[in-house]
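# attaching a predicted model along with its sequence, questions to come.
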Amino acid sequence: MSPSKDIVKSDMEKHSELVKTLDEFDLVDIGERVNEIADDLSDVKNILITGGAGFIGSFLVRKLVVLYPEYQIFVIDKLDYCGSLHNLKAVEGFPNYHFIRGDITSADFISFFLKEKKIDVIFHLAAQTHVDNSFGDSFEFTKNNVMGTHVLLEAAKINKVHRFIHVSTDEVYGEVINGPDCPEDTILSPTNPYSATKAAAECLVKAYHKSFGLPVMITRSNNVYGPYQFPEKITSKFVCSLLRGKKCYIHGDGLNSRKYLYAADVADAIDIIFHKGSVGETYNIGSPLEISNLEMARRLILLFGYREDEVDNHIEFVRDRAFNDKRYAIDCSKLERLGWAPKVDFDKGLLKTIEWYRHCTDTWWGDISSALIPHPFKVIPAYNEPSE
């Protein structure tokens, strides 16, 4: 699809000039545009990305703004602790990029915004996502992840959007110890407050498709790593700890395993699903690479240049989460049939991540010391029956 004739020529010229100013670091991750596009998307002009100042959201924003000048990209983000406008600095000034600070749980605001901006497509990434925090403040997760999704769905229904792409997680499947990789029709069995709220949000998304014909798609990805992430998740947290001469804190025995994808590969997958996927479908986004938390720490320590016999000096085991799934495993064959495959080698992605945090962490978020402690969540005392 060529750029729309409705685009002002001066905007196209400005867009082309700004692309030339982008850092090679970001350009490589932005990648290439999808050229096979569903027929019913030919009139799409205005796209909303919720949570676009966050980690994966900012990868998607940079990608769509740069590669698709025919789309007007609107970003709504409340700029919670894990979001940053620094994540979107690369696209500041682009004529098709627009940022609005707002909260998706405000029904009046969202309804007005979708109508005012004539939004055609919604990519919904805004969410509370840190599992540790969900054990200490689960109601906040319900408010943001369930209520916020419901508000968006209702406004999308009223305003007849062309697509509602809901970004979810493989954690909704629950623990997979010895079974086969989960295809998309696997019964959901979440085990922590975070994944439970994401599963609940998915149920609402599916209900709006079945009940009202809302054209939805759902994505479920495995663990994601890369630059631009607030350092509370395992990879970024370990990297920032090592940069500060601190240890990698391992929950439990460290044998819990996860599969990892570089963030640009996830943004590529979401782009392909939007442009080529089928309405009403769910798509797993995953990697074949599986690694334990302990091995992740060891690999990062070695990439920092420490010797093999020095590795254990940089690891400390701490008490485990209230519940910690042993592993997740998803089947991505449906997405692969759309032509997607991960491109970024794991170690190369880790080295790129380390290099980014080495230069950018302090200017992005300021003091991150509270995020690097072993259990950065509010502990709520267990309820005890009052004594007689």
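The structure has been received and is ready for your questions.
# could you use CA atoms for every contact and neighbour count after this?
OK.
# tell me which residue is most central in this structure.
Central residue of the chain (Cα atoms, centre = their mean): I56, 3.6 Å from the mean position.
# which SSE is immediately downstream of the helix or strand hosting that residue?
Secondary structure assignment for I56, by DSSP states H and E: helix 55-67. Reading on from helix 55-67 to the C-terminus, the next helix or strand found by DSSP H and E is strand 72-77.
# state whether A201 is indeed within a helix.
Yes - counting by DSSP: H, G, I helix; E, B strand; the rest coil, A201 is found in a helix.
# which non-adjacent residue is nearest it?
In space, and not counting its chain neighbours, A201 is closest to V146: 4.9 Å by Cα to Cα, 6 or more residues apart in numbering.
# count the residues that sit near the one you found.
Neighbourhood size, V146 [other Cα atoms under 10 Å]: 22.
# checking it next. Helix, strand or coil?
V146 ends up helix, using three-state DSSP.
# in contact with it, which residues?
Going by Cα atoms under 8 Å, 6 or more residues apart in numbering, V146 touches 197-198, 200-201.
# distance of it from T197?
6 Å (Cα to Cα, to the nearest Å).
# same check on K143?
From K143 to T197 the distance is 9 Å (Cα to Cα).
# neighbour count: these two, which is higher?
T197 (26 against 17).
# which helix or strand contains that one?
Using DSSP H and E, T197 falls in helix 193-212.
# buried residues in that helix?
Within helix 193-212, the residues scored as buried using 16 or more other Cα atoms under 10 Å are 193-202, 204-206, 208-209.
# tell me the mean pLDDT over stretch 36-45?
Mean per-residue pLDDT for stretch 36-45: 90.
# should've said stretch 314-326
88.
# first-to-last residue distance for it?
Distance between the two ends of stretch 314-326: 23 Å, counting by Cα to Cα.
# how about residues contacting it?
132, 135, 174-177, 191-192, 242, 246-257, 297, 301, 374.
# could I have the ChimeraX command that selects the buried members from the residues you listed?
Applying 16+ other Cα under 10 Å to those, the buried members can be selected in ChimeraX as follows:
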select :132,135,174,175,176,191,192,242,246,247,248,249,250,251,254,256,257,297,301,374
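# sitting in helices, which of the contacts of stretch 314-326 do you find?
132, 135, 242, 297, 301 (DSSP state H).
# could I get the residues you listed as TSV with pLDDT?
Formatted as TSV, the ones in helices among the contacts of stretch 314-326 follow (pLDDT from 0 to 100):
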residue	pLDDT
D132	82
F135	88
L242	98
A297	98
I301	98
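# quick one: which two of those residues are the most distant?
F135 and I301 (28.8 Å; Cα to Cα).
# all the strands of the stretch 151-300 of the chain, in order from the start?
All strands of the stretch 151-300 of the chain, identified by DSSP state E, counting those that start in this stretch, fall at 163-169, 216-221, 223-225, 248-251, 257-262, 282-285, 290-292.
# put together CSV for those strands, with mean pLDDT and distance to S42 on each row.
Shown next, in CSV, are these (pLDDT from 0 to 100; distance: least, Cα to Cα, whole Å):
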stretch, mean pLDDT, distance to S42
strand 163-169, 99, 12
strand 216-221, 99, 17
strand 223-225, 98, 31
strand 248-251, 94, 48
strand 257-262, 96, 30
strand 282-285, 99, 22
strand 290-292, 96, 39
